[in-house]
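Peer 1: With the input below, show me the fold.
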Amino acid sequence: MIRTGFLLRLGAAALLAWVIIRPGDFDFFFSLFARPGQVAVYNQGSLVSLTLSHLAIVFAAITASALLAVGLAILVTRPFGAEFLPVSRAIANIGQTFPPVAVLALCVPILGFGTTPTLVALFLYGLLPIFENSLTGLAGVPPAVTEAAKGMGMTPLQRLMRVELPLALPLILSGLRLSTTIALSTATIGSTVAARTLGEVIIAGLQSGNTAFVLQGGLIVGALALLIHDGFTALERWQWRAIGGGEQSG
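Peer 2: Got it, this is the predicted structure:
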């Protein structure tokens, strides 16, 4: 069963790579969705370049979100930082208060067009799931475990790094999964402010009335999101097993 699932994932990843690297090989499929006389396969730029740029933007934004969100969760689960929980939760909620489109509209006059406004929007939007899951994971570490670690002579930093974070990691990964999946889809709107994302393919299709372009961009983004979501889920299950938590995934 595990081997079959792995082969299916590998096959899906290989097919996605084929579509991105050699899209012309699928002209017969995409031409079904193009009107007569329209180009069926996106030809206004390199899909490989757009995909790599799209993934790089998402990776940078979610990395920044994770650093802040996990840092805040660690802070508020320490005795000296508990009073900062309301402020930390308010910070994490900023991205959910303002939709990414609104953040882009606010950022462009200040930061200009390009990648930076998109990074800011994705960074803010990714904070809440990571923060809440990290908070739940760290707060849920059994007191008996931390007391045992303290009895072994571990310092607070050692308890955090060797006991608390490893036990909370499955839930932290769950938050990362949610934020990354959302960011992969949301990043397409960055192309409206000149960021290089796969949204360029979709926008080109909308502007020219070419459904084949829209489908091509949408399929690539959707497949990336599904594969990365599946990868995080596999990591969560592996981590739950590593800490003796069964098949839970948060």
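Peer 1: shaky segments in the protein?
Peer 2: 1-2, 245-250 (pLDDT under 70).
Peer 1: contacting residues for the residue nearest to the spatial centre of the chain?
Peer 2: Note on the chain: the residue nearest the mean C-alpha position is residue 180, at 0.8 Å, using CA atoms, centre = their mean. Residue 180 makes contact with 58, 62, 126, 228, 229, 232, according to CB atoms under 8 Å, 6 or more residues apart in numbering. Every C-beta, even on glycine, is put in place using the N, C-alpha and C of the backbone.
Peer 1: Mind checking which of these are in helices?
Peer 2: In helices, defined here by DSSP state H, the members of the contacts of residue 180 are 58, 62, 126, 228, 229, 232.
Peer 1: From residue 180, how far out is the fifth one?
Peer 2: Using CB to CB, to the nearest Å, we find residue 229 at a distance of 8 Å from residue 180.
Peer 1: Ok, the last one next?
Peer 2: Between residue 232 and residue 180 the distance is 7 Å, computed by CB to CB.
Peer 1: Ok, the fourth one next?
Peer 2: Residue 228 sits 6 Å away from residue 180 when distances are taken as CB to CB.
Peer 1: what's the answer for the second one, then?
Peer 2: Using CB to CB, one obtains 5 Å as the distance from residue 62 to residue 180.
Peer 1: Common neighbours of those two, please.
Peer 2: Common neighbours of residue 62 and residue 180 (CB under 8 Å, 6+ apart) are residue 126.
Peer 1: State the number of residues packed around residue 116.
Peer 2: Residue 116: 16 surrounding residues under other CB atoms under 10 Å.
Peer 1: Tell me who's in contact with the nearest residue to it once chain neighbours are set aside.
Peer 2: Using CB to CB, 6 or more residues apart in numbering and skipping the chain neighbours, the partner closest in space to residue 116 is residue 107 (7.3 Å). By CB under 8 Å, 6+ apart, residue 107 lies in contact with 116, 117, 120, 121.
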